[in-house]
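J.: with the sequence up front, the predicted model follows.
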Amino acid sequence: MDSEVSQSEPGADPARIDSAEILGQSDVAGQTTDEGAGRIFPCEGCGADLHFNIGQQRLKCPYCGFEKELELQPEGEIRENDLAAMLDRQRNRRIAGHADDQPGDSEVRCDSCGGTVIFSGTLTSSECPYCGSPIQREKIHSATQRIPVDGVLPFLVDQATAKRKLSDWVKSRWFAPTEFTKRGAEGRFNGVYLPYWTFDAMTFNIYRGQRGEDYTVTVGSGNNKRQETRTNWYPAGGDFQRFFDDVLVVASQGLPREFILGLEPWPLTRCIPFTQQVLAGYLARTYDVALDAGFRDARQRIEDAINIDVRQRIGGDRQRIEFIKTRTDALTFKHLLLPVWMLAYRHRGQPYRVFINAATGEVQGERPYSFVKIMSAIVAIAGAALILAFLMAQR
């Protein structure tokens with residue numbers, strides 16, 4: 001579901017935010033507005049709003065240069081949570097008639113200029129549309145089944161570096177219009193924290209199947225003499241344990257799956273315990289893929305990985321899998337926020353989206369194609385094939 005940030009000032013047009021989600025949770029000192037609905041971090045030097053500085057990994061005032069270290073939880077580590085216990089808790093609440101929190105519209109007053117921002121859907125972090133001050137909506141719903149954020153991977157790639165990565169990506173696109181490769185993708189970058197579930201699981205697997213070993217035989221005679229590949233099959237089976245650590249599932253709907261998966265891998269070892277301070281100046285939304293739905297996705301990824309593992313263990317040239325039985329233990333999960341630079345641009349009136357991993361610089365996204373270049377390549381390949389066929393016929 002799309003989320004919107006709109007302005008309550010008469011005549012103002014709502015600006016659609018095409019980004020992803022996070023949970024607003026308060027755990028550090030900051031100034032609240034509207035009874036805890038928003039949180040900003042005033043500069044102790046000049047009173048302006050502090051922003052999270054990517055290069056220095058701390059809060060910094062864009063006006064007077066005042067800096068402030070992040071205030072992290074004393075334990076300094078990100079906890080794994082018991083998956084079964086959390087799913088049971090949510091199931092019991094549904095049976096008792098307590099529906100999951102559904103984020104709705106709420107108003108947050110900007111403490112800097114007094115303007116009002118209307119948050120719609122699951123958006124929880126934005127900037128004031130009037131003065132640009134960063135502001136976050138916190139968890140204002142009274143129900144407690146919304147799962148808090150455990151950790152966050154701060155932005156490590158700044159906007160200037162992201163622009164260079166984008167420029168290199170544009171120039172490397174085959175069959176792109178010349179105009180596009182020269183001008184590039186022009187648009188406004190939005191720094192967004194995407195919500196993810198990660199799952200850990202210990203698996204014990206028993207499998208049975210067949211290993212196929214190929215051999216060749218000569219059949220026919222004269223002009224029909226030829227080589228054929230045949231396969232001998234042998235029984236195979238065994239058992240093994242495999243631990244899955246941090247199986248990653250994006251917890252936000254409405255994003256192109258192939259591009260979001262293409263941003264992997266993420267340097268999850270650089271995550272820190274969640275703090276609102278790293279959200280300062282960036283967009284964020286709460287999860288809209290429930291924990292049980294996220295685990296179903298993770299389970300499929302685990303099963304696919306076990307299938308590949310079994311085929312490797314069977315070996316040979318070919319494999320037949322008769323069955324795989326898997327027992328899963330020690331299931332845990334985490335709720336993380338991971339940083340992405342998002343950019344929407346247009347080329348000849350058509351909209352495109354690009355996503356940049358703000359921890360590694362990996363670029364994924366949509367791009368235009370040149371029909372002329374594609375047809376020229378097809379003609380060139382067809383011409384080369386005809387020439388090769390002609391030369392072979394002359395032998």
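T.: Alright, I've got the coordinates.
J.: the strand or helix carrying Ala344 pairs with which strands, and in what direction?
T.: If you go by DSSP states H and E, Ala344 is part of strand 318-347. If you go by DSSP bridges, strand 318-347 pairs up with strand 81-82 (antiparallel), strand 151-152 (parallel), strand 189-219 (antiparallel), strand 350-357 (antiparallel).
J.: tally of neighbours for the residue lying closest to Trp169 once chain neighbours are set aside?
T.: Nearest residue to Trp169, sequence neighbours excluded (Cβ to Cβ, 6 or more residues apart in numbering): Val363, at 4.1 Å. C-beta coordinates here come from the backbone N, C-alpha and C atoms, glycine included. A count of neighbours around Val363, defined by other Cβ atoms under 10 Å, yields 23.
J.: quick one: the strands in the stretch 51-200 of the chain, in order.
T.: In the stretch 51-200 of the chain, strands defined by DSSP state E, counting those that start in this stretch lie at 51-53, 58-60, 67-68, 81-82, 106-109, 116-119, 123-127, 134-137, 151-152, 189-219, listed in chain order.
J.: need the ones you listed in a markdown table (columns: mean neighbour count).
T.: Below are these laid out as a markdown table (neighbours: other Cβ atoms under 10 Å):
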| stretch | mean neighbour count |
| --- | --- |
| strand 51-53 | 20 |
| strand 58-60 | 20 |
| strand 67-68 | 16 |
| strand 81-82 | 15 |
| strand 106-109 | 18 |
| strand 116-119 | 21 |
| strand 123-127 | 26 |
| strand 134-137 | 27 |
| strand 151-152 | 22 |
| strand 189-219 | 18 |
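J.: now distance to Phe333 and mean pLDDT too, for the ones you listed, in JSON lines please.
T.: Listed next are the strands of the stretch 51-200 of the chain as JSON lines, based on distance: least, Cβ to Cβ, whole Å; pLDDT from 0 to 100:
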{"stretch": "strand 51-53", "distance to Phe333": "26", "mean pLDDT": "83"}
{"stretch": "strand 58-60", "distance to Phe333": "29", "mean pLDDT": "85"}
{"stretch": "strand 67-68", "distance to Phe333": "32", "mean pLDDT": "85"}
{"stretch": "strand 81-82", "distance to Phe333": "5", "mean pLDDT": "93"}
{"stretch": "strand 106-109", "distance to Phe333": "28", "mean pLDDT": "60"}
{"stretch": "strand 116-119", "distance to Phe333": "27", "mean pLDDT": "54"}
{"stretch": "strand 123-127", "distance to Phe333": "20", "mean pLDDT": "60"}
{"stretch": "strand 134-137", "distance to Phe333": "24", "mean pLDDT": "63"}
{"stretch": "strand 151-152", "distance to Phe333": "12", "mean pLDDT": "93"}
{"stretch": "strand 189-219", "distance to Phe333": "5", "mean pLDDT": "93"}
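J.: so for Ile95, which of those strands sits nearest?
T.: Closest to Ile95 of these is strand 81-82 (Cβ to Cβ; 19.4 Å).
J.: which outside residues touch the closest one?
T.: Contact with strand 81-82 is made by 150, 331-334, as judged by Cβ atoms under 8 Å, 6 or more residues apart in numbering.
J.: picking that back up, what's the mean pLDDT across the strand holding Ala344?
T.: Mean pLDDT, computed over strand 318-347, is 90.
J.: next, format the strands of the stretch 51-200 of the chain as a markdown table and append distance to Glu322.
T.: What follows is the strands of the stretch 51-200 of the chain, written out as a markdown table (distance: least, Cβ to Cβ, whole Å):
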| stretch | distance to Glu322 |
| --- | --- |
| strand 51-53 | 54 |
| strand 58-60 | 57 |
| strand 67-68 | 61 |
| strand 81-82 | 34 |
| strand 106-109 | 56 |
| strand 116-119 | 54 |
| strand 123-127 | 49 |
| strand 134-137 | 53 |
| strand 151-152 | 41 |
| strand 189-219 | 5 |
